[in-house]
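Undergrad: Could you look at this predicted model? Sequence included:
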Amino acid sequence: TGFAASTWLADTDAQFNLFTGTAVVGTQVRGAGTPAILELYRDWTTLSPSGPPGSRSTQGVWDAQNDRFFVFGDATSDGVQTNETRVLAPDTTAWSLLSPGTSPSARERVGLAYSISTKLVYALCGEDAATYYAQLWTYNTNLSTAGTTWTPQAGGVSSPTARSSAGTAFDEVGNRLIIFGGDNGASLSDTWAWSGSSWTNLAPSTFPAARLGAAMVYAGNGKIVLFGGVNSANVAYNDTWIFNSTANTWWPSPKSPPSGLTVRARATLAYDSDLNRVALFGGQPAPPATGAFNDLWYYDVDGDSWTKVEVPNPPATRSETALAYSPSQKKVYLFGGNANSANTRRGDTLSYSLTTSPGGSATWTASLPFVSGSVKWGKLSWTPSLRLPSQPFEDPVPVKFQIVGQSADTLLAPLQGPVNTGDY
(Lines give C-alpha, C1' and ligand atoms only; values in the text may rest on other atoms or scores of the structure.)
Protein backbone atom coordinates (compact mmCIF):
# COMPACT_ATOMS: atom_id res chain seq x y z
CA THR A 1 0.00 0.00 0.00
CA GLY A 2 2.95 2.32 0.43
CA PHE A 3 2.08 3.18 4.03
CA ALA A 4 3.37 0.42 6.30
CA ALA A 5 7.02 -0.08 7.16
CA SER A 6 8.64 -2.99 5.36
CA THR A 7 11.39 -5.41 6.28
CA TRP A 8 13.35 -7.74 4.00
CA LEU A 9 14.70 -10.58 6.11
CA ALA A 10 16.25 -12.80 3.44
CA ASP A 11 17.17 -13.09 -0.21
CA THR A 12 17.29 -16.64 -1.53
CA ASP A 13 19.18 -15.88 -4.76
CA ALA A 14 22.14 -14.10 -3.19
CA GLN A 15 24.93 -15.29 -0.91
CA PHE A 16 25.78 -12.86 1.88
CA ASN A 17 28.08 -15.31 3.61
CA LEU A 18 30.66 -15.57 0.84
CA PHE A 19 33.70 -14.86 2.96
CA THR A 20 33.95 -17.80 5.34
CA GLY A 21 37.57 -18.79 5.75
CA THR A 22 38.83 -15.62 4.10
CA ALA A 23 40.49 -12.69 5.87
CA VAL A 24 38.10 -10.03 4.68
CA VAL A 25 39.51 -6.53 5.05
CA GLY A 26 36.32 -4.69 4.22
CA THR A 27 32.70 -5.24 3.32
CA GLN A 28 30.65 -2.38 2.01
CA VAL A 29 27.00 -1.95 1.18
CA ARG A 30 25.58 0.91 -0.83
CA GLY A 31 22.03 1.74 -1.68
CA ALA A 32 19.81 4.36 -3.21
CA GLY A 33 16.15 5.32 -3.34
CA THR A 34 13.83 5.37 -0.35
CA PRO A 35 15.84 5.92 2.87
CA ALA A 36 16.47 2.52 4.41
CA ILE A 37 18.36 0.87 7.22
CA LEU A 38 20.43 -2.20 6.40
CA GLU A 39 21.74 -4.51 9.12
CA LEU A 40 24.64 -6.87 8.56
CA TYR A 41 25.66 -9.44 11.15
CA ARG A 42 29.35 -9.98 11.72
CA ASP A 43 31.37 -12.19 14.03
CA TRP A 44 32.34 -11.29 17.57
CA THR A 45 35.91 -9.99 17.74
CA THR A 46 38.10 -11.88 20.21
CA LEU A 47 40.46 -9.45 21.94
CA SER A 48 43.81 -10.41 23.48
CA PRO A 49 44.61 -7.79 26.11
CA SER A 50 47.44 -8.43 28.52
CA GLY A 51 46.78 -8.87 32.24
CA PRO A 52 43.32 -10.45 31.91
CA PRO A 53 41.47 -10.87 35.21
CA GLY A 54 41.37 -14.67 34.90
CA SER A 55 38.37 -16.91 34.38
CA ARG A 56 35.35 -15.80 36.43
CA SER A 57 31.71 -14.88 36.41
CA THR A 58 31.43 -11.13 36.94
CA GLN A 59 29.46 -7.91 36.43
CA GLY A 60 30.48 -4.97 34.27
CA VAL A 61 29.50 -1.45 33.23
CA TRP A 62 30.91 1.16 30.86
CA ASP A 63 32.65 3.97 32.74
CA ALA A 64 31.82 6.83 30.35
CA GLN A 65 33.80 9.34 32.41
CA ASN A 66 37.06 7.55 31.60
CA ASP A 67 35.87 5.62 28.51
CA ARG A 68 36.65 2.16 29.86
CA PHE A 69 35.12 -1.23 30.64
CA PHE A 70 34.74 -1.53 34.43
CA VAL A 71 34.23 -4.92 36.15
CA PHE A 72 33.93 -5.85 39.80
CA GLY A 73 33.99 -9.00 41.91
CA ASP A 74 32.19 -12.33 41.56
CA ALA A 75 33.59 -15.87 41.56
CA THR A 76 36.41 -17.83 39.91
CA SER A 77 36.28 -21.41 38.62
CA ASP A 78 37.31 -22.80 42.01
CA GLY A 79 34.29 -21.09 43.59
CA VAL A 80 36.33 -18.43 45.41
CA GLN A 81 34.66 -15.00 45.60
CA THR A 82 36.72 -11.93 44.74
CA ASN A 83 36.50 -8.17 45.30
CA GLU A 84 38.86 -7.11 42.54
CA THR A 85 38.13 -3.96 40.53
CA ARG A 86 39.53 -4.05 37.00
CA VAL A 87 39.27 -1.82 33.95
CA LEU A 88 39.97 -2.13 30.22
CA ALA A 89 40.32 0.99 28.08
CA PRO A 90 39.49 0.36 24.39
CA ASP A 91 42.58 2.23 23.17
CA THR A 92 44.94 0.01 25.20
CA THR A 93 45.86 -3.64 25.02
CA ALA A 94 45.85 -4.32 28.75
CA TRP A 95 43.51 -4.92 31.65
CA SER A 96 44.44 -2.88 34.74
CA LEU A 97 43.91 -3.95 38.34
CA LEU A 98 42.85 -0.96 40.42
CA SER A 99 43.86 -0.66 44.08
CA PRO A 100 41.04 1.15 45.91
CA GLY A 101 41.80 2.27 49.44
CA THR A 102 38.54 0.62 50.55
CA SER A 103 36.50 -2.09 48.82
CA PRO A 104 33.46 -4.24 49.53
CA SER A 105 34.38 -7.66 50.88
CA ALA A 106 34.77 -10.50 48.38
CA ARG A 107 31.35 -11.47 47.00
CA GLU A 108 29.44 -12.57 43.92
CA ARG A 109 26.12 -11.76 42.19
CA VAL A 110 26.37 -8.07 42.99
CA GLY A 111 24.03 -5.64 41.22
CA LEU A 112 26.25 -3.24 39.25
CA ALA A 113 25.16 0.01 37.58
CA TYR A 114 26.73 3.23 36.28
CA SER A 115 25.40 6.79 36.13
CA ILE A 116 26.51 9.30 33.52
CA SER A 117 25.19 12.18 35.64
CA THR A 118 26.67 11.25 39.03
CA LYS A 119 29.76 9.57 37.53
CA LEU A 120 29.36 6.82 40.11
CA VAL A 121 29.51 3.04 39.81
CA TYR A 122 26.99 1.42 42.17
CA ALA A 123 27.60 -2.04 43.67
CA LEU A 124 24.51 -3.44 45.38
CA CYS A 125 24.42 -6.23 47.97
CA GLY A 126 25.68 -9.64 46.77
CA GLU A 127 26.57 -12.84 48.62
CA ASP A 128 29.43 -15.04 49.71
CA ALA A 129 29.39 -18.63 50.91
CA ALA A 130 27.80 -17.67 54.22
CA THR A 131 26.14 -14.24 53.93
CA TYR A 132 23.68 -12.19 51.93
CA TYR A 133 24.74 -8.53 52.01
CA ALA A 134 22.50 -5.47 52.29
CA GLN A 135 24.93 -2.61 51.74
CA LEU A 136 25.24 -0.29 48.75
CA TRP A 137 28.71 0.86 47.71
CA THR A 138 29.70 3.59 45.25
CA TYR A 139 32.89 4.22 43.28
CA ASN A 140 33.51 7.78 42.04
CA THR A 141 34.97 7.65 38.52
CA ASN A 142 35.65 11.41 38.43
CA LEU A 143 39.32 10.92 39.17
CA SER A 144 40.09 14.65 39.23
CA THR A 145 37.95 15.16 42.34
CA ALA A 146 37.93 11.77 44.03
CA GLY A 147 40.35 9.22 45.32
CA THR A 148 40.19 5.75 43.87
CA THR A 149 38.11 4.11 46.56
CA TRP A 150 34.78 2.42 47.17
CA THR A 151 32.49 4.21 49.64
CA PRO A 152 29.76 2.45 51.67
CA GLN A 153 26.43 4.29 51.75
CA ALA A 154 24.31 4.53 54.88
CA GLY A 155 20.98 2.77 54.32
CA GLY A 156 18.76 5.10 56.34
CA VAL A 157 15.70 4.18 58.40
CA SER A 158 14.11 2.12 55.59
CA SER A 159 16.18 0.14 53.13
CA PRO A 160 16.07 -3.08 51.09
CA THR A 161 16.73 -6.34 52.86
CA ALA A 162 19.96 -8.24 52.25
CA ARG A 163 19.94 -10.00 48.88
CA SER A 164 21.90 -11.06 45.83
CA SER A 165 21.08 -11.33 42.12
CA ALA A 166 18.88 -8.20 42.12
CA GLY A 167 18.11 -6.28 38.93
CA THR A 168 19.97 -2.96 39.12
CA ALA A 169 19.94 0.11 36.86
CA PHE A 170 20.41 3.88 37.22
CA ASP A 171 17.46 6.02 36.14
CA GLU A 172 19.06 9.11 34.58
CA VAL A 173 15.74 10.99 34.32
CA GLY A 174 14.82 10.46 37.96
CA ASN A 175 18.50 10.69 39.04
CA ARG A 176 18.21 7.60 41.20
CA LEU A 177 19.25 3.96 41.39
CA ILE A 178 16.40 1.47 40.81
CA ILE A 179 16.57 -2.11 42.05
CA PHE A 180 14.13 -4.99 41.63
CA GLY A 181 13.81 -8.40 43.23
CA GLY A 182 16.70 -10.73 43.93
CA ASP A 183 17.25 -13.59 46.33
CA ASN A 184 17.72 -13.91 50.09
CA GLY A 185 16.81 -17.57 50.31
CA ALA A 186 13.49 -16.79 48.62
CA SER A 187 12.90 -14.80 45.44
CA LEU A 188 11.80 -11.16 45.88
CA SER A 189 9.54 -8.78 43.94
CA ASP A 190 10.07 -5.37 45.59
CA THR A 191 11.13 -2.21 43.74
CA TRP A 192 13.34 0.34 45.56
CA ALA A 193 14.92 3.68 44.61
CA TRP A 194 18.12 5.21 46.04
CA SER A 195 18.17 9.02 45.84
CA GLY A 196 21.80 9.43 46.84
CA SER A 197 21.01 9.75 50.53
CA SER A 198 18.04 7.48 51.27
CA TRP A 199 16.01 4.51 50.03
CA THR A 200 12.31 4.59 49.06
CA ASN A 201 10.14 1.51 48.62
CA LEU A 202 8.25 2.47 45.46
CA ALA A 203 5.60 -0.26 45.93
CA PRO A 204 4.17 0.00 42.39
CA SER A 205 0.71 -1.45 41.85
CA THR A 206 1.90 -3.56 38.91
CA PHE A 207 5.24 -5.37 38.94
CA PRO A 208 6.96 -8.54 37.68
CA ALA A 209 6.58 -11.81 39.55
CA ALA A 210 9.16 -12.51 42.25
CA ARG A 211 12.47 -13.57 40.72
CA LEU A 212 16.23 -13.51 40.96
CA GLY A 213 18.81 -13.26 38.19
CA ALA A 214 16.68 -10.98 36.01
CA ALA A 215 18.64 -8.91 33.48
CA MET A 216 18.00 -5.16 33.85
CA VAL A 217 19.37 -2.00 32.21
CA TYR A 218 18.53 1.67 31.77
CA ALA A 219 17.40 2.25 28.17
CA GLY A 220 17.10 6.04 27.88
CA ASN A 221 14.14 8.42 28.20
CA GLY A 222 13.27 7.30 31.71
CA LYS A 223 12.81 3.64 30.77
CA ILE A 224 14.36 0.59 32.39
CA VAL A 225 14.15 -2.79 30.63
CA LEU A 226 13.93 -6.05 32.59
CA PHE A 227 14.08 -9.51 31.02
CA GLY A 228 13.75 -13.05 32.35
CA GLY A 229 14.93 -14.46 35.65
CA VAL A 230 13.99 -17.47 37.78
CA ASN A 231 12.07 -17.85 41.04
CA SER A 232 12.92 -19.90 44.11
CA ALA A 233 10.74 -22.75 42.80
CA ASN A 234 13.02 -22.93 39.72
CA VAL A 235 10.43 -21.50 37.35
CA ALA A 236 12.24 -19.42 34.75
CA TYR A 237 10.82 -16.54 32.69
CA ASN A 238 11.32 -14.96 29.26
CA ASP A 239 9.02 -11.98 29.72
CA THR A 240 9.94 -8.34 29.10
CA TRP A 241 8.99 -5.50 31.46
CA ILE A 242 9.52 -1.73 31.20
CA PHE A 243 9.79 0.50 34.26
CA ASN A 244 8.51 4.03 33.59
CA SER A 245 10.41 6.56 35.69
CA THR A 246 7.75 9.26 35.49
CA ALA A 247 4.84 7.01 36.46
CA ASN A 248 6.84 4.86 38.92
CA THR A 249 5.25 1.73 37.50
CA TRP A 250 6.11 -1.44 35.62
CA TRP A 251 4.57 -2.17 32.22
CA PRO A 252 4.55 -5.75 30.86
CA SER A 253 5.17 -6.19 27.16
CA PRO A 254 1.97 -7.60 25.61
CA LYS A 255 3.95 -9.42 22.94
CA SER A 256 4.96 -13.04 23.27
CA PRO A 257 8.72 -13.55 23.06
CA PRO A 258 9.87 -14.78 19.66
CA SER A 259 10.76 -18.40 19.07
CA GLY A 260 14.28 -19.07 20.30
CA LEU A 261 14.30 -16.47 23.07
CA THR A 262 13.74 -19.18 25.64
CA VAL A 263 13.16 -18.86 29.38
CA ARG A 264 16.41 -18.09 31.18
CA ALA A 265 18.07 -16.46 34.16
CA ARG A 266 21.35 -14.59 34.59
CA ALA A 267 21.43 -13.23 31.05
CA THR A 268 23.05 -9.80 30.61
CA LEU A 269 21.73 -6.61 29.02
CA ALA A 270 23.57 -3.56 27.65
CA TYR A 271 21.97 -0.42 26.20
CA ASP A 272 23.16 0.65 22.73
CA SER A 273 22.39 4.38 22.94
CA ASP A 274 23.22 4.98 19.27
CA LEU A 275 20.62 2.53 17.95
CA ASN A 276 18.25 2.90 20.95
CA ARG A 277 18.31 -0.87 21.39
CA VAL A 278 19.10 -3.21 24.23
CA ALA A 279 21.54 -6.04 23.59
CA LEU A 280 20.92 -9.34 25.40
CA PHE A 281 23.54 -12.07 25.60
CA GLY A 282 23.49 -15.60 27.02
CA GLY A 283 21.97 -16.74 30.29
CA GLN A 284 21.18 -20.15 31.71
CA PRO A 285 18.13 -22.43 31.97
CA ALA A 286 16.30 -22.99 35.23
CA PRO A 287 17.80 -25.58 37.59
CA PRO A 288 18.24 -28.47 37.66
CA ALA A 289 19.23 -28.04 33.99
CA THR A 290 22.86 -27.14 33.43
CA GLY A 291 24.65 -25.42 30.57
CA ALA A 292 24.14 -21.93 29.20
CA PHE A 293 23.23 -19.96 26.08
CA ASN A 294 25.38 -17.97 23.66
CA ASP A 295 22.75 -16.20 21.57
CA LEU A 296 22.68 -12.44 20.97
CA TRP A 297 19.42 -10.48 20.70
CA TYR A 298 18.49 -6.83 20.26
CA TYR A 299 15.38 -5.29 21.80
CA ASP A 300 13.85 -2.32 19.99
CA VAL A 301 12.71 -0.16 22.92
CA ASP A 302 10.30 1.99 20.92
CA GLY A 303 8.94 -0.88 18.81
CA ASP A 304 8.75 -3.37 21.70
CA SER A 305 10.26 -6.18 19.61
CA TRP A 306 13.16 -8.64 19.91
CA THR A 307 15.39 -9.58 16.96
CA LYS A 308 17.95 -12.37 16.99
CA VAL A 309 21.38 -11.44 15.65
CA GLU A 310 22.47 -14.40 13.54
CA VAL A 311 26.16 -14.28 14.42
CA PRO A 312 28.20 -16.57 12.13
CA ASN A 313 30.43 -17.94 14.89
CA PRO A 314 29.15 -17.04 18.38
CA PRO A 315 31.28 -17.14 21.56
CA ALA A 316 31.19 -20.07 23.96
CA THR A 317 28.02 -20.44 26.02
CA ARG A 318 27.83 -18.56 29.33
CA SER A 319 25.73 -16.71 31.88
CA GLU A 320 26.69 -14.11 34.52
CA THR A 321 28.96 -12.29 32.08
CA ALA A 322 30.05 -8.66 32.09
CA LEU A 323 28.49 -6.83 29.12
CA ALA A 324 28.59 -3.08 28.45
CA TYR A 325 28.15 -0.71 25.51
CA SER A 326 30.84 1.82 24.55
CA PRO A 327 29.40 4.94 22.85
CA SER A 328 32.86 5.99 21.70
CA GLN A 329 33.62 2.65 20.03
CA LYS A 330 29.98 1.86 19.10
CA LYS A 331 30.48 -1.69 20.35
CA VAL A 332 29.43 -3.92 23.19
CA TYR A 333 32.27 -5.40 25.22
CA LEU A 334 31.99 -8.80 26.92
CA PHE A 335 34.19 -10.42 29.54
CA GLY A 336 34.09 -13.72 31.40
CA GLY A 337 31.01 -15.64 32.47
CA ASN A 338 29.80 -18.89 33.93
CA ALA A 339 29.46 -21.98 31.71
CA ASN A 340 27.04 -23.36 34.36
CA SER A 341 28.62 -26.78 34.00
CA ALA A 342 31.22 -28.34 36.31
CA ASN A 343 31.75 -24.87 37.85
CA THR A 344 33.57 -23.73 34.71
CA ARG A 345 34.13 -19.97 34.27
CA ARG A 346 35.18 -18.10 31.13
CA GLY A 347 38.09 -15.65 30.90
CA ASP A 348 37.94 -14.23 27.37
CA THR A 349 37.36 -10.64 26.27
CA LEU A 350 35.30 -9.91 23.14
CA SER A 351 33.60 -7.04 21.36
CA TYR A 352 30.68 -6.82 18.95
CA SER A 353 29.31 -4.14 16.64
CA LEU A 354 25.93 -4.33 14.95
CA THR A 355 26.61 -2.54 11.69
CA THR A 356 23.82 -0.54 10.09
CA SER A 357 23.60 1.94 7.31
CA PRO A 358 22.58 5.50 8.14
CA GLY A 359 18.85 5.56 7.57
CA GLY A 360 18.12 9.19 6.82
CA SER A 361 19.39 9.86 3.32
CA ALA A 362 18.52 8.77 -0.18
CA THR A 363 22.00 7.32 -0.73
CA TRP A 364 23.59 5.40 2.08
CA THR A 365 26.64 3.28 2.80
CA ALA A 366 27.34 0.72 5.49
CA SER A 367 30.89 -0.50 5.95
CA LEU A 368 32.40 -3.33 7.95
CA PRO A 369 36.12 -2.52 8.11
CA PHE A 370 38.62 -5.22 9.02
CA VAL A 371 36.18 -8.09 9.29
CA SER A 372 37.75 -11.50 9.77
CA GLY A 373 35.50 -14.40 8.92
CA SER A 374 31.89 -14.30 7.86
CA VAL A 375 29.44 -11.54 7.16
CA LYS A 376 25.77 -12.55 7.27
CA TRP A 377 22.65 -10.88 6.01
CA GLY A 378 20.61 -9.24 8.75
CA LYS A 379 17.66 -7.26 7.45
CA LEU A 380 16.77 -4.28 5.28
CA SER A 381 14.01 -2.05 6.68
CA TRP A 382 12.33 0.93 5.08
CA THR A 383 9.09 2.87 4.87
CA PRO A 384 7.80 2.75 1.27
CA SER A 385 7.05 6.00 -0.49
CA LEU A 386 3.46 7.16 -0.69
CA ARG A 387 1.84 5.66 -3.79
CA LEU A 388 -0.75 7.78 -5.59
CA PRO A 389 -3.83 6.03 -7.09
CA SER A 390 -2.59 6.82 -10.59
CA GLN A 391 0.77 5.13 -9.98
CA PRO A 392 1.55 1.43 -10.46
CA PHE A 393 1.39 -0.85 -7.45
CA GLU A 394 5.18 -0.97 -7.08
CA ASP A 395 6.89 1.51 -4.78
CA PRO A 396 7.54 4.61 -6.94
CA VAL A 397 10.93 5.11 -5.27
CA PRO A 398 12.33 1.60 -4.97
CA VAL A 399 15.14 0.59 -2.65
CA LYS A 400 18.23 -0.71 -4.45
CA PHE A 401 21.41 -1.98 -2.87
CA GLN A 402 24.66 -3.87 -3.45
CA ILE A 403 27.11 -5.70 -1.22
CA VAL A 404 30.78 -6.21 -2.04
CA GLY A 405 33.70 -7.74 -0.15
CA GLN A 406 37.43 -7.20 -0.51
CA SER A 407 40.02 -9.68 0.74
CA ALA A 408 43.15 -7.77 -0.25
CA ASP A 409 44.54 -5.01 1.94
CA THR A 410 43.46 -2.30 -0.47
CA LEU A 411 40.56 0.10 -0.76
CA LEU A 412 37.26 -1.36 -1.81
CA ALA A 413 36.70 -1.09 -5.52
CA PRO A 414 33.72 1.07 -6.52
CA LEU A 415 30.48 -0.83 -6.73
CA GLN A 416 29.76 -1.49 -10.38
CA GLY A 417 26.16 -2.64 -10.38
CA PRO A 418 24.62 -5.40 -12.51
CA VAL A 419 27.02 -6.37 -15.31
CA ASN A 420 29.08 -3.23 -14.59
CA THR A 421 26.31 -0.80 -15.42
CA GLY A 422 27.21 1.46 -12.51
CA ASP A 423 23.64 1.21 -11.22
CA TYR A 424 22.70 -0.30 -7.87
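TA: Yep, that arrived.

Undergrad: where does the protein dip in pLDDT?
TA: Applying pLDDT under 70 to the chain picks out residues 1-40, 144-147, 355-424.

Undergrad: who's in contact with Thr82?
TA: The contact partners of Thr82, taken as CB atoms under 8 Å, 6 or more residues apart in numbering, are 56, 73-76, 106. Bear in mind the C-beta positions are built from the backbone N, C-alpha and C, glycine included.

Undergrad: and which of these is nearest Gly156?
TA: Gly73 (24.1 Å; CB to CB).

Undergrad: tell me which element the closest one is part of?
TA: strand 68-76 (DSSP states H and E).

Undergrad: so what strands line up beside that strand?
TA: Strand 68-76 has the following strand partners under DSSP bridges: strand 56-63 (antiparallel), strand 81-88 (antiparallel).

Undergrad: from memory Phe243 sits against Tyr218, does it?
TA: No - between Phe243 and Tyr218 there is no contact under CB atoms under 8 Å: 9.2 Å.

Undergrad: Mutual contacts of the two, please.
TA: 171, 224.

Undergrad: Look up how far Val263 lies from Glu320.
TA: 17 Å (CB to CB, to the nearest Å).

Undergrad: more crowded one of the two?
TA: Glu320 (29 against 16; other CB atoms under 10 Å).

Undergrad: check contacts around the more buried one.
TA: Glu320 neighbours (CB under 8 Å, 6+ apart): 57-59, 74, 109, 266, 268, 284, 337-338.

Undergrad: The same query, at a cut-off of 10 Å, please.
TA: By CB atoms under 10 Å, 6 or more residues apart in numbering, the residues touching Glu320 are 56-59, 74-75, 108-109, 165, 213, 265-268, 282-284, 292, 336-340, 345-346.

Undergrad: Equivalent analysis for Leu334, please.
TA: 44, 47, 60, 69, 268, 270, 279, 281-282, 296, 315, 318, 321-324, 346, 348-352.

Undergrad: which of those residues count as buried?
TA: Listed as buried from those are 44, 47, 60, 69, 268, 270, 279, 281-282, 296, 315, 318, 321-324, 346, 348-352; burial here means 16 or more other CB atoms under 10 Å.

Undergrad: Next, the residue positioned nearest the centre of the chain: secondary structure please.
TA: The structure's the chain has its C-alpha centroid closest to Ala270; by CA atoms, centre = their mean the separation is 2.5 Å. Following DSSP: H, G, I helix; E, B strand; the rest coil, Ala270 is assigned to strand.

Undergrad: so it touches Gly282, yeah?
TA: No - if you go by CB atoms under 10 Å, Ala270 and Gly282 don't touch, sitting 11.7 Å apart.

Undergrad: who touches both of the two?
TA: 215, 323, 334.

Undergrad: need the contact list for the first one.
TA: Spelled out, that is Ala215. 167, 169, 225-229, 264-270, 278, 280-283, 319, 323.

Undergrad: repeat that with 7 Å
TA: Neighbouring residues of Ala215 by CB atoms under 7 Å, 6 or more residues apart in numbering: 227-228, 267-269, 280.

Undergrad: can I get those in TSV with distance to Thr161?
TA: As requested, the contacts of Ala215 are exported to TSV (distance: CB to CB, whole Å):
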residue	distance to Thr161
Phe227	24
Gly228	22
Ala267	24
Thr268	24
Leu269	24
Leu280	28
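
Undergrad: Can you tell me which of the residues you listed is closest to Ser187?
TA: Gly228 (12.8 Å).

Undergrad: Got the phi and psi for that closest one?
TA: phi 70, psi -160 (degrees, to the nearest 10).

Undergrad: For it, the count of nearby residues, please.
TA: 29.

Undergrad: Please tell me I have it right and it contacts Val235.
TA: No - at 11.4 Å, Gly228 and Val235 do not qualify as touching, with contact defined as CB atoms under 7 Å.

Undergrad: CSV for the contacts of Thr82, including neighbour count and distance to Asp239?
TA: As requested, the contacts of Thr82 are exported to CSV (neighbours: other CB atoms under 10 Å; distance: CB to CB, whole Å):
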residue, neighbour count, distance to Asp239
Arg56, 27, 29
Gly73, 25, 28
Asp74, 29, 26
Ala75, 23, 27
Thr76, 20, 32
Ala106, 16, 33
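
Undergrad: in a strand, that's where Thr262 is, yeah?
TA: No - going by three-state DSSP, the assignment for Thr262 is coil, not a strand.

Undergrad: Please enumerate the strands of the stretch 151-300 of the chain.
TA: 167-171, 176-183, 187-194, 199-201, 215-218, 223-230, 236-244, 249-252, 268-272, 277-281, 296-300 (DSSP state E, counting those that start in this stretch).
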